[in-house]
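[1] Test case, fold it:
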Amino acid sequence: MTGTDEKRRTRLDSAREVLGIESEALTRIADRLDTAFADAVELVVNAAGSLVVCGVGKSGIIGRKIAATVASTGTPAFFLHPSEAAHGDLGSLSPRDVVLAISKSGEGDELLQLVPAFRRLGIPLIVITGRLESSLACQADIVLDASVAREACPMDLVPTASTTAALALGDALAVAVLKEKELDADQFADFHPGGALGRRLRLTVGDVMHAGDELPVVSVDTRMREAVLEIANKRLGVTTVVDAAGRLVGLLTDGDLKRILMKHDDILSIRVGDVMTRDPKTIPADELVVRALELMETVGPSPITSLIIVDEAGAPAGVIHIHDCLKAVG
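    Prediction:
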């Protein structure tokens, strides 16, 4: 083994050790969960105001993430830095709120000096801490145990397993509250209008389908020569096929052309209605794009590449291609 190989193995061993320590810490915390967690969920669910998350240093960073997660799932929440709170930002609190304070030691002056203010305002205090006997824990209404056997660093000093534990407890709290409030996908989408997530939750087939002049259409009596041109010109790899009344009756794909060529010497004069695929798969225009993608991938023994959108009269209104779906949802 070369020196380079030895360094790589050492690095991988180090990473596995860290992940093992943190994984073990989370398992132990899950085993220790008790009614205090259920009581914390009840407090947050029933709060008329916001969940206000506080923490200093690494705990503050974890607190910001927890507040963001809770807010993103429909419960008003924000992060309040203890130092800023002590210099006027306590004015953003109200008796309707619930405070979630995060501190590994539970002895930080910044948080402890705020407890009397919480009490004067009548605000319940939930504490996530690694020391159940700490000063902060003793003044809390509810204490969530985030203690760990050791940190993942060799000196047992750098916040690693402890911050992971606090973060995981915060996530567990957020998800439990979400479930209690029975938040559905549409409500969740209201809080995520932007970015790839927003597109996945809101974008419909009608938003991205090819319609109007982009829609390939031929009749059942069209000869294959014209059908091939329609497929080539519209560049979707398919064309819809309609009857004399304009209703969708079939689909012709470039894959069909290859199969037809294997059976016929001269396909250009063949009538489209004699070789089309009947009863093509359709989807409503108001269906989500992610659902269209799922349908294309699972509808048959092998994926299909296109779905047809029909109007109330049964006429083709649009075509959505699998590439449209993949591009739309990122």
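[2] which other residues reach the stretch of helix or strand F37 belongs to?
    Following DSSP states H and E, one finds F37 within helix 35-46. The contact list for helix 35-46, computed with Cβ atoms under 8 Å, 6 or more residues apart in numbering, reads 51, 70, 75, 98, 124, 126, 141-145, 169, 172-173, 176-177, 180-181. Yep, even glycine has a C-beta here, placed from its N, CA and C like the rest.
[3] And it, how far out from the chain middle?
    24 Å (Cα atoms, centre = their mean, to the nearest Å).
[4] start at 30 instead
    Sure, I'll start counting at 30 from here, so that last one is helix 64-75.
[5] coming back round to it: buried subset of the contacts of helix 64-75?
    80, 99, 104, 127, 153, 155, 170-174, 198, 201-202, 205-206 (16 or more other Cβ atoms under 10 Å).
[6] Mind checking which of those are in strands?
    L80, V127, I155, I171, V172, L173, D174 (DSSP state E).
[7] Out of those residues, which is nearest to M253?
    L80 (64.8 Å; Cβ to Cβ).
[8] OK, contacts around that closest one?
    V73, A96, V99, T104, P105, A106, D126, V127, V128, L129.
[9] Try it again at 6 Å.
    Contact analysis of L80 by Cβ atoms under 6 Å, 6 or more residues apart in numbering lists V73, V99, A106, V127, L129.
[10] Would you mind giving me the confidence score for it?
    You'll see L80 listed with a pLDDT of 95.
[11] Identify the residue spatially nearest to it, adjacent ones excluded.
    A106 (4.1 Å; Cβ to Cβ, 6 or more residues apart in numbering).
[12] May I see the buried residues of the helix of greatest length in the chain?
    Longest helix in the chain, counting residues (DSSP state H): helix 32-61. Of the residues in helix 32-61, those buried by neighbour count under the rule 16+ other Cβ under 10 Å are V47, I50, E51, A54, L55, I58.
[13] List of residues touching stretch 35-51?
    A181, A190, T193.
[14] Nearest spatial neighbour of the last one, chain-adjacent residues omitted?
    Spelled out, that is T193. E51 (4.7 Å).
[15] Point me to the helix or strand that includes V82.
    Per DSSP H and E, the secondary structure element for V82 is strand 80-84.
[16] In its sheet, which strands sit next to that strand, and in what direction?
    Neighbouring strands of strand 80-84 in its sheet, by DSSP bridges, are strand 106-108 (parallel), strand 127-132 (parallel).
[17] burial count for I90?
    16 (other Cβ atoms under 10 Å).
[18] Correct me if wrong, but it is in a helix.
    Yes. Per DSSP: H, G, I helix; E, B strand; the rest coil, I90 lies within a helix segment.
[19] Might you report the residue contacts of it?
    By Cβ under 6 Å, 6+ apart, I90 has no neighbours at all.
[20] Including distance to V257 and pLDDT, could the buried residues of helix 32-61 go into JSON lines?
    Shown next, in JSON lines, are the buried residues of helix 32-61 (distance: Cβ to Cβ, whole Å; pLDDT from 0 to 100):
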{"residue": "V47", "distance to V257": "60", "pLDDT": "95"}
{"residue": "I50", "distance to V257": "64", "pLDDT": "95"}
{"residue": "E51", "distance to V257": "60", "pLDDT": "96"}
{"residue": "A54", "distance to V257": "64", "pLDDT": "95"}
{"residue": "L55", "distance to V257": "60", "pLDDT": "96"}
{"residue": "I58", "distance to V257": "64", "pLDDT": "95"}
